[in-house]
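1. I'll drop the sequence and a predicted model, then ask my questions.
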Amino acid sequence: MFEPSKIEQYLDTYIVPWGLNIIFALAIFIIGRIVIKALMSLMCKILEKSKFDDILIKFINSIASAVLLLFVIVAALNQLGVDTTSLVALVGAAGLAVGFALKDSLSNFAAGVMLLIFRPFTKGNYVEIAGCEGLVENISILTTVVHTLDNKEVILPNGAVFGGSITNYSSLPSRRVDLVIGVSYDDDLKKAKQVMLDAMKNDPRILSEPAPQVAVCELNSSSVDFVVRPWCKSDDYWDVRFDTIEAVKIALDENNITIPFPQRDVHMYQQSEN
């Protein structure tokens, strides 16, 4: 049996200090988590008002929550009397080792953050990136998914996307269709030009401003080449391109204007027998 004096000494020396430390450590952890949750909620509202991408908001929220929670855990352990200096050093060393091991992934990660911040393209845009052309299906922290026009899914690392040239065909409201159409040297050039202009006027998708352009661009070996340049909304580009080629060909045929094609004359000689 413990003597009363020894019990009181034991309580004063171990139980009460440790009990208070545990209570304070739990209080630091619980209050810290409540504060972190409130701060993250406030930060998300601010980022949403700033029109940041949802993916980037979730990512920043998760990273900031993890970092702040680590500080709270360190503070709680410190209250318990644990030497956190070595723990912090261990975490730093582990982070450095992971950084070297995942340097390519970190490069894609950094590029993904830049893409989500600067937003050179968004989901649904028609783009040409990293040698691939198609519709953007998804942008994540590490990769960008593109659907090509022939319905192939291409997954591109963000490092390759952000590190190369980016052509966004959907960012502006209108686009110019560039066609080259040749007519015969024997045809009336002014008539051919007017026929092609009239063919484009019948398409309501072709914009009147800027006005469609038809002009002689080259005297080719077998044809006089015209540039045909109508403007349309970006979403109508391919339909207008295909339909304009068809409409111009039909209009030229109806007006007896020839679209020449390469021809080769073959001369056959019969060798006389001796």
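-> That came in fine, so what should we check first? Because the structure is predicted, anything quoted here is derived from the model rather than measured. Numbering: from 1, shown residues only.

2. Could you report the distance from Leu195 to Ile46?
-> Actually, residue 195 is Val rather than Leu. Using Cβ to Cβ, to the nearest Å, we find Val195 at a distance of 59 Å from Ile46. Glycine gets a C-beta too; all of them are placed from N, C-alpha and C.

3. higher neighbour count, these two?
-> Val195 (19 against 11; other Cβ atoms under 10 Å).

4. Break down the stretch 151-274 of the chain into its strands, ranges please.
-> Under the criterion DSSP state E, counting those that start in this stretch, strands of the stretch 151-274 of the chain are mapped to 153-157, 166-168, 174-176, 179-183, 213-219, 224-229, 231-233.

5. Show me what the last one is in contact with.
-> Contacts of strand 231-233 with the rest of the structure, by Cβ atoms under 8 Å, 6 or more residues apart in numbering, involve 173-177, 205-207, 209-212, 240.

6. From the residues you listed, which land in helices?
-> Val240 (DSSP state H).

7. circling back to that earlier point, let's have the strands of the stretch 151-274 of the chain in TSV, adding distance to Val145.
-> Converted to TSV, these look like this (distance: least, Cβ to Cβ, whole Å):
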stretch	distance to Val145
strand 153-157	5
strand 166-168	15
strand 174-176	24
strand 179-183	32
strand 213-219	37
strand 224-229	33
strand 231-233	25
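
8. low pLDDT regions in the stretch 51-200 of the chain?
-> In the predicted model, the stretch 51-200 of the chain carries pLDDT under 70 at residues 53, 55, 83-84, 86-104.

9. Give me the buried positions along stretch 156-163.
-> Neighbour counts over stretch 156-163 (16 or more other Cβ atoms under 10 Å) mark Leu156, Pro157, Asn158, Gly159, Ala160, Val161, Phe162 as buried.

10. Mind putting those residues into a markdown table with distance to Met114?
-> Shown next, in a markdown table, are the buried residues of stretch 156-163 (distance: Cβ to Cβ, whole Å):
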| residue | distance to Met114 |
| --- | --- |
| Leu156 | 14 |
| Pro157 | 13 |
| Asn158 | 8 |
| Gly159 | 10 |
| Ala160 | 13 |
| Val161 | 10 |
| Phe162 | 6 |
